[in-house]
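Participant: pasted the sequence and its predicted model underneath.
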Amino acid sequence: MKTGNDGVRLYRVGLRDLYTLRKLNQGDFDTEVFGFHAQQAVEKFLKCWLSSIEIDYPFTHDLRVLFDLLDANKQDTGEFRSLQDLTDFAVFYRYEFDTSMNIRLDRDDCIEQIGRLEMVVRKLGDFHSDIGGE
């Protein structure tokens, strides 16, 4: 996918998902719903990061692919690599979720990590966080 002016759009969509995560964390929502929005926020922020450094990215929900692409372009993603485990929430858990799977997800830690990722991306792209009182 061409990067073009995708950075601002991706950043804003990522912010909406991060805002949604914070709201979901205040209620009793299913793990697969929370995980889906977490995966989406990370995906958008990673694609925004790639766009900010003018790297084309593929149409994918696989966070591993996006992290690998950033790493291949000498970007330090180490502190966020554990977020790639959210990949399965994009499709598999969204449509194949079974309560017997007993998926564990530390929601507070997830929000904290995604928040740090957002700050890195914001600085790279000189974006302004203005959604949901951010």
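Facilitator: Sure, I can see it.
Participant: who touches the helix or strand hosting Met119?
Facilitator: Met119 belongs to helix 107-125 when elements are defined using DSSP states H and E. Residues from elsewhere that reach helix 107-125 (C-beta atoms under 8 Å, 6 or more residues apart in numbering): 7-8, 11, 14-15, 18, 21-22, 24-25, 34, 38, 41-42, 45-46, 48-49, 51-53, 79-80, 82-83, 86, 127-129. To be clear about C-beta, it is placed using only N, CA and C from the backbone, and glycine gets the same treatment.
Participant: let's see it at 6 Å
Facilitator: With contacts defined as C-beta atoms under 6 Å, 6 or more residues apart in numbering, helix 107-125 is touched by 7, 18, 21, 25, 38, 41, 45, 48-49, 52, 80, 83, 129.
Participant: check stretch 8-25 too.
Facilitator: Residues contacting stretch 8-25 (C-beta under 6 Å, 6+ apart): 34, 37-38, 40-41, 44-45, 47-48, 107, 111, 114, 118, 127, 131-132.
Participant: tell me how far Arg9 lies from Leu124.
Facilitator: 15 Å (C-beta to C-beta, to the nearest Å).
Participant: if we can go back for a sec, and the helix holding Met119, what's buried?
Facilitator: Of all the residues in helix 107-125, those buried under the rule 16 or more other C-beta atoms under 10 Å are Arg107, Cys110, Ile111, Gln113, Ile114, Leu117, Glu118, Val120, Val121, Arg122, Leu124, Gly125.
Participant: go on, stretch 60-76?
Facilitator: Quick answer for stretch 60-76 (16+ other C-beta under 10 Å): His61, Leu63, Leu66, Phe67, Leu69, Leu70, Gln75.
Participant: and that stretch, how far from the chain's centre?
Facilitator: How far stretch 60-76 lies from its chain's middle: 12 Å, per C-alpha atoms, centre = their mean, to the nearest Å.
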